[in-house]
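Student: below are the sequence and a predicted model; questions follow.
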Amino acid sequence: MNIQRFLPRDRLQTLIDQLMSAGYDVIGPQVRDHAIIFDHLAGVDQLPIGITDEQAPGRYRLEKSDSVRCFDWATGPQALKPMTFVSRETLWRSDRRPDGSLAFREEPMVTRPTAIIGIRACDLAALSIHDRHFMHGAHPDPQYSQRRQSLFLVAVNCMRSAATCFCTATGDGPRARSGYDLSLSELDEGFILEVHTERGRDVVVRLDVTEATSAQIERANAGIEQAAKQQQRTLPAGPLQDKLVAAVEHPHWKTLDDRCLSCGNCTAVCPTCFCQTHGDEISLDGRQTSHVRQWESCFNPDHSYIHGIVIRTERPQRYRQWLTHKFGTWEEQFGRSGCVGCGRCIAWCPVGIDVTEELAALLIEPGIEPPAEQPGGKSDGQSGGVAHHE
Amino acid sequence: MNNALMPHEAEVVERHDETPDLFSLQLRFTDPVIQSQFEFAPGQFNMLYLPGVGEVPISIVSDPEDSHVINHTIRRVGSVTDNLGKLQVGDRLGLRGPYGRGWPVVEAEGTDLVIVTGGLGCAPSVSFIEYALRRQARYGRIQIIQGVKHAHDFIWRERYDQWRQYPNVEVWLTADTGDTLWPGRVGPVTQFFDQLKIEPKQTSVIMCGPEGMMNAVVRDMRQRAVPDTQIWLSMERNMHCALGSCGRCQLGAKFVCRDGPVFNYAELAPYWGHKGV
């Protein structure tokens, strides 16, 4: 389905209104605590109009611009992850009856149809990985599946990359390819609306849209192309599993000991990290328990604990586990890399560790010089083109 | 959609104290339908849950054809296993399973078995020994090597004596530290290997225990030209879900809970022998 329509800027509110009247809770990007996050959205005035993000290793800043655009930023710390694989939830409960017997009951879940506006191509790619992990295995996760199936997704094609973005290297962006209902490409005067599903069309037919002119479509394509060209970070040519597994004793891992804080920020902001802790909360009388799942990080020593032994005691071992899994062994598990090129782990690492640089250092053939900085590194004058941090 | 992570109620039918650290629980689902549908293979494991304490993976040691009870031998190593050790007959707990891929009971048919176990982690291999002895026609010579840390850790002495009575079965015992009544030798399990009768292509090696011990056995058996795909190891990693979801049991690309816990060496070779993997 490839229907393209033009929605003037002053009618963006009607998209929100139509989604609401179709029964959806609407969620969209907005500024909170100096970052762009996703939350309930009632009006376009809540969108980050004229806001850009400046990202670099260990750095995330929002800046005001004169732009009229709502989506002139790259990524916030959240992807879709908190809305499908939530950071903390009760899976089931148990009751100890007076006679000592135990009763287990599933935790009832209420989800409402939810439309999310402003999803980036990288995050759609991450969502499709999580769909495979949580929904398409032998034991589909009921919590994830119910939330996931309640979503209506409005993607936004990126017209601007942050300096940390490298989705062209992973092949996941900057244009949304699949997994959404509608997509928006933002021009100053409005939006090219692309319909991808039947239910997407059902929303668009109720909007006062016009044909998108070929000139508008060309400008949108040029904008997306520009976002791709702004990206400077690259990845070693894949597949990487065999190379990374073979690099298990590479001396470079030890250098992480002086840099990595093992804080787990990278795993919290990563849209594909899925590790979990399951544990009990117990009532004061000891009769009821809630079995709770929450996000876990492989940077936590407890992650690898077995009967008195921690397998990965040292920080470099934990960093190695994370990087080798994300870019290597993920391939065997999921048929692709676990990285979608969103760059969040680079920006939100408090010490600015850059996965693309670590991979280059680990996979470089001995005796070959690392590639020189790319000429003409300045990108677009907006992001400042900060691609290297030392 | 059923929540596969939610346990079912089970009760303790019998309990035995094997050593001060080791005990066995015979369990049965209180719902007879669930109990009658429970089928497992040797080497698979269950998740045992105590409300407010936690949930742990424990290997199943009973015979798969015994549908009345599910037997677990458990070592006290932490808060959950400590509290499981306090359960008495009639007490209730949560149980779900079975999980994982067990021993190669089919792949090893027609071959000689060399079964090496170390430390107290002998429960998983006992399930295969008992399985093979009851179906001896399917397997060739069975050679069992059991290593323990201290002589006093050795349990099931009568069971080993019983195994010796079978034709075509040999049993060796060794302890890192012996004592005066110790019937076996003192030293590592590999000291017996020169006495084993091994036709490499015709042999399946089955092992569980500390990774250091298994590493020594792997090295030795590979030198004797036993194919990597016929060297089988039961692995342990942290597990919270047992469904390949929580990510904690990963060993390279493998989820130990789902792809294992039993692997052949060829599957583990890329990750084997590196600290912290």
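Tutor: Structure received. Fair warning: this is a prediction, and the values are worked out from it, not measured in the lab. Residues are numbered from 1 along each chain as shown, chains lettered A, B, ... in the order given.
Student: I figured residue B:266 was touching residue B:229, is that so?
Tutor: Yes. With contact defined as C-beta atoms under 8 Å, residue B:266 counts as touching residue B:229 (4.9 Å). For the C-beta atoms, the positions are set from N, CA and C on the backbone; glycine is no exception.
Student: give me the pLDDT for the residue of chain B found nearest chain A.
Tutor: Here the residue of chain B nearest chain A is residue B:276; by C-beta to the nearest C-beta that distance is 3.2 Å. We have a pLDDT of 94 for residue B:276.
Student: next up, the contacts around residue A:6.
Tutor: A:190, A:191, A:192, A:193, A:209, A:210, A:211, A:212, A:213, A:216 (C-beta atoms under 8 Å, 6 or more residues apart in numbering or on different chains).
Student: kindly recompute the last result at 6 Å.
Tutor: A:190, A:210, A:212 (C-beta atoms under 6 Å, 6 or more residues apart in numbering or on different chains).
Student: leaving out the residues flanking it, which one is nearest to it?
Tutor: residue A:212 (4.2 Å; C-beta to C-beta, 6 or more residues apart in numbering or on different chains).
Student: what's the neighbour count on that neighbour?
Tutor: Per other C-beta atoms under 10 Å in any protein chain shown, the neighbour tally for residue A:212 reads 21.
Student: so it is in contact with residue A:191, correct?
Tutor: No. Counting by C-beta atoms under 6 Å, residue A:191 is not a contact partner of residue A:212; they are 9.2 Å apart.
Student: hang on, the earlier thing: how about the contacts of residue A:6 in a markdown table, adding secondary structure?
Tutor: A markdown table is the format used below for the contacts of residue A:6 (DSSP: H, G, I helix; E, B strand; the rest coil):
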| residue | secondary structure |
| --- | --- |
| A:190 | strand |
| A:210 | strand |
| A:212 | coil |
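Student: just say helix, strand or coil for the spatially most distant residue from the centre of chain A.
Tutor: Most distant residue from the mean C-alpha position of chain A: residue A:99, 48.2 Å away (C-alpha atoms, centre = their mean). Here residue A:99 is recorded as coil under three-state DSSP.
Student: going by distance to residue B:42, which of the contacts of residue A:6 wins?
Tutor: Ranked by distance to residue B:42 (C-beta to C-beta), these are led by residue A:212 at 64.1 Å.
Student: residues contacting that closest one?
Tutor: Contacts of residue A:212 (C-beta under 6 Å, 6+ apart): A:4, A:5, A:6, A:192.
Student: quick check: which element contains residue B:183?
Tutor: Per DSSP states H and E, residue B:183 falls between elements, in no helix or strand.
Student: from the structure, what's the count of residues near it?
Tutor: Residue B:183: 12 surrounding residues under other C-beta under 10 Å.
Student: one step back: which one of the contacts of residue A:6 is nearest residue A:59?
Tutor: When the contacts of residue A:6 are compared against residue A:59 (criterion: C-beta to C-beta), the nearest one is residue A:190, at 32.2 Å.
Student: settle this for me: the closest one is touching residue A:12, isn't it.
Tutor: No. In terms of C-beta under 6 Å, residue A:190 does not count as a neighbour of residue A:12; the distance is 7.6 Å.
Student: was I right about the residue of chain B closest to chain A contacting residue A:312?
Tutor: Yes. Counting by C-beta under 6 Å, residue B:276 does reach residue A:312; the two are 4.7 Å apart.
Student: out of those two, which sits in the busier spot?
Tutor: Shown here are residue B:276 and residue A:312; by other C-beta under 10 Å, residue A:312 has more neighbours (23 against 16).
Student: mind checking how far that one is from residue A:267?
Tutor: 14 Å (C-beta to C-beta, to the nearest Å).
Student: enumerate the residues of the stretch 1-150 of chain B near chain A.
Tutor: For the stretch 1-150 of chain B, the residues in contact with chain A (C-beta under 6 Å from any C-beta of the partner chain) are B:1, B:3, B:4, B:5, B:6, B:7, B:9, B:51, B:52, B:77, B:92.
Student: return the subset of these lying in strands.
Tutor: Counted as lying in strands by DSSP state E, out of the residues of the stretch 1-150 of chain B next to chain A, are B:9, B:92.
Student: can you pull out the helices in chain A?
Tutor: For chain A, the helices defined by DSSP state H occupy A:12-21, A:81-84, A:121-130, A:142-149, A:167-170, A:198-204, A:214-230, A:241-246, A:252-255, A:265-269, A:315-324, A:330-334, A:344-347, A:355-363.
Student: ok so, going back, quick one: which of the residues of the stretch 1-150 of chain B next to chain A sit in helices?
Tutor: Per DSSP H, these never map to helices.
Student: and the residues of the stretch 1-150 of chain B next to chain A, which are buried?
Tutor: B:3, B:4, B:5, B:6, B:7, B:9, B:51, B:52, B:92 (16 or more other C-beta atoms under 10 Å in any protein chain shown).
Student: residues from the stretch 151-300 of chain A in reach of chain B?
Tutor: Residues of the stretch 151-300 of chain A lying near chain B (C-beta under 6 Å from any C-beta): A:245, A:248, A:274, A:275, A:276, A:278, A:280, A:282, A:289.
Student: now the helices of chain A in JSON lines, with mean neighbour count and mean pLDDT?
Tutor: Below are those laid out as JSON lines (neighbours: other C-beta atoms under 10 Å in any protein chain shown; pLDDT from 0 to 100):
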{"stretch": "helix A:12-21", "mean neighbour count": "18", "mean pLDDT": "97"}
{"stretch": "helix A:81-84", "mean neighbour count": "19", "mean pLDDT": "96"}
{"stretch": "helix A:121-130", "mean neighbour count": "25", "mean pLDDT": "98"}
{"stretch": "helix A:142-149", "mean neighbour count": "18", "mean pLDDT": "96"}
{"stretch": "helix A:167-170", "mean neighbour count": "22", "mean pLDDT": "97"}
{"stretch": "helix A:198-204", "mean neighbour count": "16", "mean pLDDT": "95"}
{"stretch": "helix A:214-230", "mean neighbour count": "16", "mean pLDDT": "97"}
{"stretch": "helix A:241-246", "mean neighbour count": "17", "mean pLDDT": "96"}
{"stretch": "helix A:252-255", "mean neighbour count": "16", "mean pLDDT": "96"}
{"stretch": "helix A:265-269", "mean neighbour count": "22", "mean pLDDT": "98"}
{"stretch": "helix A:315-324", "mean neighbour count": "23", "mean pLDDT": "98"}
{"stretch": "helix A:330-334", "mean neighbour count": "18", "mean pLDDT": "98"}
{"stretch": "helix A:344-347", "mean neighbour count": "27", "mean pLDDT": "98"}
{"stretch": "helix A:355-363", "mean neighbour count": "19", "mean pLDDT": "96"}
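Student: in the chain, which ranges drop under the pLDDT threshold?
Tutor: In the absence of a named chain, this looks at chain A. Where chain A drops to pLDDT under 70, the residues are A:1, A:365-390.
Student: hmm, I had chain B in mind actually
Tutor: B:1-2, B:120-122.
Student: residue A:96 and residue B:90: what is the separation?
Tutor: Computed as C-beta to C-beta, the residue A:96 to residue B:90 distance reads 14 Å.
Student: give me the more crowded residue out of the two.
Tutor: residue A:96 (18 against 9).
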